[in-house]
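A.B. asks: Next one to model:
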Amino acid sequence: MKITPDIIDHVKDVLCDKNPKYRFSMESIPGTNEITMILYYKDYTDPSSFGNSFKGKIDKTIFHIKEQILSNKIEYDYVRLLLNELSETLDTFKLYKLRDKKFQYQPEAVIPVWEGYEYEGNIEKVKDEIFDKIVEVSQLKYDYTVELINGLKEMLDNDNEPKKQKLNIDDFFDLLSDHVPTFQEALDEIEDVHGTIKAINSYLSYKDFKNAESYHNFMVSNARKIIREIRTEFSKQEIGIEYINAQLHFLNDISLDFVQKDINDTEYLCHINSRIISEFGILNKQNVLIEQYDLKSPDNELIIKEFVAYNKSRHEVITSMIEELEEIISNNSNKDESTVGKLELNVPLSDIALLFRLLEENKVFSAKHRTHIHRVLKNSFKSPDKSSFNEGSIKNAYNDPDPNSVQNLKILLSNMKGSLNKF
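C.D. replies: Next up, the predicted model:
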């Protein structure tokens, strides 16, 4: 089934219906002389149709809303409004005990009776065949509403927890500066709106985050904001290049702590000191490295998946920040080079290129790459013939000296020797 906003609208139409209208028709059973009652609710025929196909729409709705939030197409306020609407609808249900059945039902529902008239409510009046079908659909509608409410609450938990504080630059780097990252394994009880425990799930938290997805979303979003803030403060000279270099050095140190670890026969990039605190099971309240964790237990599959995802996100953010800071430093270096006044040459380009080659070959300075020397020449000197003064022409003059320049340098060095004798 294609996941589209139409699915969300359909799910809302079904679950937020405070006055559901049920319809029945008498239809013959093919190949027999028997007649059966068919229940119609919205686009569904009979409880089995509703139960089999609508469950998948709930899962797809939750997935699609998360996807829309991540792509910034909808806001968390939309989730809150939908949650309120569903909660209001859930309040229209009442717990009934009729004909040895216990079920949730909306008293304002419209149902038919044998006489062909429609009554609002009055579930007590219908005959057993109709009664059983309505009860099953009504209970499914209640259960699906609770399920969607819990899914939306989980989204809001992911949104609210990390936003308890507004991070500044130093706060953000403090969040990354964890040389012994410790993850907490715990249990989470999921309740319906009436406080009844519906499920108990295990999860892995880190810092103030309950899952790797919320950590990833928060860190990626804030990394962009922090880089913009650094660029702004640097342009206003509120922070200097020394501060940026210090943060870059710090991030490089952290990145070196990430190594490939074998987890269930697969290599994952994880922090070398990553630890898990388990508060239940055989590792009750033990703080262990991932290598010491019970990796083979099927019960720990989700915890291991979350552990890997946390580490992956953290490394990606650190790597991204390193690249951004290096770009700021590089741009500043280029800016400095362009603003410093260049020295004007009184000799041909080929002469100065040959002089620098002699200085390098005689170990006056060293460079890992000759392109660095070419760039220094380009950024330090200017020539009346600007068209020929580029890295390409400098490279040619450096690597293949002009014979005239060789003679010129002999004269220059001789004159320089004479000048030395005067000191």
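
A.B. asks: And the next helix or strand past the one helix or strand L83 maps to?
C.D. replies: Per DSSP states H and E, L83 falls inside helix 76-90. Of the helices and strands lying after helix 76-90 in sequence (DSSP H and E), the nearest is strand 94-98.

A.B. asks: Could you list the paired strands of that next one along with their orientation?
C.D. replies: In the sheet, strand 94-98 lines up against strand 101-105 (antiparallel) (DSSP bridges).

A.B. asks: Not counting the partner strand itself, show me its contacts.
C.D. replies: 93-96, 123, 134-135, 138-139, 142 (Cβ atoms under 8 Å, 6 or more residues apart in numbering). Bear in mind the C-beta positions are built from the backbone N, C-alpha and C, glycine included.

A.B. asks: Type out the ChimeraX command that picks the buried ones from these.
C.D. replies: Buried members of these, defined by 16 or more other Cβ atoms under 10 Å, are picked up in ChimeraX with:
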select :93,96,123,134,135,138,139,142
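
A.B. asks: just the contacts of strand 101-105: which has the poorest pLDDT?
C.D. replies: Among the contacts of strand 101-105, I123 carries the lowest pLDDT, at 78.

A.B. asks: just to revisit the earlier point, what packs against the helix holding L83?
C.D. replies: If contacts are counted by 3 or more Cβ pairs under 8 Å, 6 or more residues apart in numbering; DSSP states H and E, helix 76-90 sits against helix 5-15, helix 46-70, helix 128-160.

A.B. asks: Take the contacts of strand 101-105 and lay them out in TSV including distance to E267.
C.D. replies: Output for the contacts of strand 101-105, formatted as TSV (distance: Cβ to Cβ, whole Å):
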residue	distance to E267
F93	51
K94	56
L95	53
Y96	57
I123	60
I134	56
V135	54
S138	51
Q139	48
Y142	47
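
A.B. asks: What's the local residue count around M155?
C.D. replies: Neighbour count of M155, defined by other Cβ atoms under 10 Å: 19.

A.B. asks: and it, what is it in contact with?
C.D. replies: Shown in contact with M155 (Cβ under 8 Å, 6+ apart): 62, 65-66, 69, 76, 79.

A.B. asks: rerun that using 7 Å as the cut-off
C.D. replies: Contacts of M155 were listed using Cβ atoms under 7 Å, 6 or more residues apart in numbering, and they are 65-66, 79.

A.B. asks: which one of the helices and strands packed on helix 76-90 is the most hemmed in?
C.D. replies: The highest mean neighbour count among those, using mean count of other Cβ atoms under 10 Å, belongs to helix 128-160: a mean of 18.

A.B. asks: got the angle for that one vs strand 94-98?
C.D. replies: Calculated by axes from the mean of the first three to the mean of the last three Cα atoms, to 10 degrees, helix 128-160 forms an angle of 150 degrees with strand 94-98.

A.B. asks: quick one, helix 128-160 and helix 5-15 angle?
C.D. replies: Interaxial angle, helix 128-160 versus helix 5-15 (the same axes, to 10 degrees): 130 degrees.

A.B. asks: Show me how far the helix or strand just after helix 128-160 is from its chain's centre.
C.D. replies: Proceeding N to C from helix 128-160, the next assigned helix or strand is helix 169-176, under DSSP H and E. In terms of Cα atoms, centre = their mean, to the nearest Å, the centre of helix 169-176 is found 18 Å from the chain centre.
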